[in-house]
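Enquirer: only geometry, no sequence info:
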């Protein structure tokens, strides 16, 4: 039972830990508010998330006078990270569709893999692109292709976006240089090359099984491709001779990926070199050009050029299209930023520390299967509680680093614990995760539809991945 002393600590406005009971109660209250307002009251997702963030912040430790203002600060932090990228991605996506560039790329993929396997091309694209690029950006870039594929092939729209999103989600949490798995490898002392190799080894068969899973999900649930926000019309497929060339059609998609990937590679190579070395100088330039905001801006400029050159919409038509794009992007930015604020307020409530205390409970280090399961389960709980996969991976790996015994006691390489944490951080993707709202709002699904499809798919992906981690740790322990 929660005593009066615990509530006194909260009322005093301190940031000292108050034991696991209070944070878990706060978590429960936040979950009830979000689900209750969205599902029962049919409130707008932004309103539900911002109200939940306010209530959670008021119940959490910290100076009383800052418990409301820190919600706005957290909202601004999230918007600052994703706002420019989302706005520019909306412009790029509309230009790809209106200019016919998306159709050109789709026809290339369909010709390569055949119409019966277009979901394979989307999953493979997401799988590869999400290694150096954040999941949200990959989804923004590939969504117009999925929509065009659906229009041309009549393949299930749900199947296409689930395959695309699942492929991107897997490597986002498993393969460096994406920040999450990179941090896990560094924290657990795992060689980066080993992390990349084993991460791919566990990810590839997982992706194959998940492809079968999403086919089954799409066969049972029918969700149409709905009109884009704001009533934007999508052009009908054009004859091949009226489409842009393949190079210019691919450039808006490839350019930001290439710039961001180059920055990741050069920055990694430059670590540990002299301050005046050529690699350090190159790293400064690639950090500039590989900044996601600038990379997306350059990509948007290319996409606008392709649209202007091939469709000649005129200044007024171009301005109207951009305005419509930004209006729909504004709604997405509000919702994802509110979700980010909710997640950060759960962090202020010390949810991660409470779960860590409950999970460890003062026990001595464990070995074998128990540590794999603990890494997965703790990462899942922290992910479910505060929404960010990266934060879940950071927190869990820091905790698990103190529990890993020598290799002869553990029985397998610590890289498998890193992989278990990566998969655990995918499980439980719901309304406090910006990826949930990106999939829902940009994909055109309702919250309930997203829970039934996306949440089930990503959580199942995590469990399937855990099975492969256990399998490879058994047959290929690397000790």
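Expert: In hand now; what should we look at? Being a predicted model, the structure only gives us computed values, none of them experimental. Residues are numbered from 1 along each chain as shown.
Enquirer: Kindly list the longest helix within the chain.
Expert: helix 314-348 (DSSP state H).
Enquirer: got a list of what the closest residue to residue 109 other than its chain neighbours touches?
Expert: Here the nearest residue to residue 109 in space, its sequence neighbours aside, is residue 121; by Cβ to Cβ, 6 or more residues apart in numbering that works out to 4.2 Å. All C-beta spots, glycine's among them, are computed from the backbone N, C-alpha and C. The contact partners of residue 121, by Cβ atoms under 8 Å, 6 or more residues apart in numbering, come to 109, 110, 112, 113.
Enquirer: Could you list the low-confidence segments of the protein?
Expert: 1-21, 39, 106, 132-134, 177, 228-238, 352-353, 355-367, 402 (pLDDT under 70).
Enquirer: one more time with 50
Expert: Applying pLDDT under 50 to the chain picks out residues 1-18, 362-366.
Enquirer: ok so, going back, just the contacts of residue 121: which are in helices?
Expert: Per DSSP H, these map to helices at 109, 110, 112, 113.
Enquirer: picking that back up, list the buried residues for the longest helix of the chain?
Expert: 318, 321-322, 324-326, 328-348 (16 or more other Cβ atoms under 10 Å).
Enquirer: again with stretch 105-122
Expert: Buried, per 16+ other Cβ under 10 Å, within stretch 105-122: 105, 106, 107, 109, 110, 117, 118, 119, 120, 121, 122.
Enquirer: swap in stretch 441-451?
Expert: 441, 442, 443, 444, 445, 447, 450, 451.
Enquirer: Closest one of the residues you listed to residue 161?
Expert: Nearest to residue 161 among the buried residues of stretch 441-451, counting by Cβ to Cβ, is residue 443 at 5.1 Å.
Enquirer: excluding its backbone neighbours, what's nearest the closest one?
Expert: Nearest to residue 443 is residue 161, by Cβ to Cβ, 6+ apart, at 5.1 Å.
Enquirer: Wait, that neighbour touches residue 440, no?
Expert: No: contact criterion Cβ atoms under 8 Å: residue 161 and residue 440 do not qualify, at 10.6 Å.
Enquirer: If you count surrounding residues, which of those two has more?
Expert: Taking other Cβ atoms under 10 Å, residue 161 and residue 440 do not tie; residue 161 has more neighbours (31 against 22).
Enquirer: for the most centrally placed residue in the chain, what are its contacts?
Expert: In the chain, the residue lying closest to the centroid (Cα atoms, centre = their mean) is residue 135, at 4.1 Å. Residue 135 makes contacts with 165, 168, 169, 172, 435, 438, as judged by Cβ under 8 Å, 6+ apart.
Enquirer: Looking at these, which is nearest residue 58?
Expert: residue 435 (26.7 Å).
Enquirer: Could you pull up the residues touching the closest one?
Expert: Per Cβ under 8 Å, 6+ apart, neighbours of residue 435: 135, 136, 139, 169, 389, 429.
Enquirer: Identify the residue nearest the third one in space, chain neighbours excluded?
Expert: Read it as residue 139. Spatial nearest neighbour of residue 139, chain neighbours left out: residue 438 (5.6 Å); criterion: Cβ to Cβ, 6+ apart.
Enquirer: burial measure for residue 397, as a count.
Expert: Neighbourhood size, residue 397 [other Cβ under 10 Å]: 26.
Enquirer: Tell me which residues touch it, please.
Expert: Contacts of residue 397 by Cβ under 8 Å, 6+ apart are 183, 184, 187, 188, 418, 421.
Enquirer: Where does the nearest residue to the first one once chain neighbours are set aside sit: helix, strand or coil?
Expert: Read that as residue 183. The shortest distance from residue 183 to any non-neighbouring residue, by Cβ to Cβ, 6+ apart, is to residue 394 (5.2 Å). Secondary structure for residue 394, judged by DSSP: H, G, I helix; E, B strand; the rest coil, is helix.
Enquirer: same deal with the one 10 residues further on?
Expert: Residue 404 carries the three-state label coil when classified by three-state DSSP.
Enquirer: tell me the contacts of the nearest residue to residue 224 once chain neighbours are set aside?
Expert: Leaving aside its sequence neighbours, residue 224 sits nearest to residue 157 (Cβ to Cβ, 6+ apart; 6.6 Å). Listed by Cβ under 8 Å, 6+ apart, the contact set of residue 157 reads 146, 147, 150, 223, 224, 225.
Enquirer: Dihedrals phi and psi, residue 157?
Expert: phi -60, psi -40 (degrees, to the nearest 10).
Enquirer: ok, back up a step: ok, then the element right after the helix or strand encompassing the residue nearest to residue 443?
Expert: Using DSSP states H and E, residue 161 sits within helix 157-174. Next in sequence after helix 157-174, counting helices and strands by DSSP H and E, comes helix 179-188.
Enquirer: Now do the buried residues in the host helix or strand of residue 286.
Expert: Under the criterion of DSSP H and E, residue 286 resides in helix 278-289. Using 16+ other Cβ under 10 Å as the test for burial, helix 278-289 gives 279, 280, 282, 283, 286.
Enquirer: Now the two most distant members of those residues.
Expert: Most distant of those, by Cβ to Cβ, are 280 and 286, 10.8 Å apart.
Enquirer: buried residues in stretch 183-190?
Expert: Here stretch 183-190 shows 183, 184, 185, 187, 188, 190 as buried, counting by 16+ other Cβ under 10 Å.
Enquirer: wait, stretch 249-259
Expert: In stretch 249-259, counting by 16+ other Cβ under 10 Å, buried: 249, 251, 252, 253, 254, 255, 256, 257, 258, 259.
Enquirer: Name the surrounding residues that touch that stretch.
Expert: Contacts for stretch 249-259 (Cβ under 8 Å, 6+ apart): 92, 95-96, 100-102, 104-105, 129, 132-133, 137, 141-142, 243, 286, 289-290, 292, 294-296, 298-300, 302-303, 306.
Enquirer: repeat that for 6 Å
Expert: 92, 101, 104-105, 129, 133, 141, 289-290, 295-296, 299, 302-303 (Cβ atoms under 6 Å, 6 or more residues apart in numbering).
Enquirer: Can you flag the buried ones in these?
Expert: Buried members of the contacts of stretch 249-259, scored by 16+ other Cβ under 10 Å, are 92, 101, 104-105, 129, 133, 141, 290, 295-296, 299, 302-303.
Enquirer: I'd like the residues you listed as CSV, with distance to residue 311 and secondary structure appended.
Expert: Output for these, formatted as CSV (distance: Cβ to Cβ, whole Å; DSSP: H, G, I helix; E, B strand; the rest coil):
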residue, distance to residue 311, secondary structure
92, 15, helix
101, 10, helix
104, 13, helix
105, 16, helix
129, 26, helix
133, 28, coil
141, 20, helix
290, 30, coil
295, 24, helix
296, 21, helix
299, 18, helix
302, 15, helix
303, 12, helix
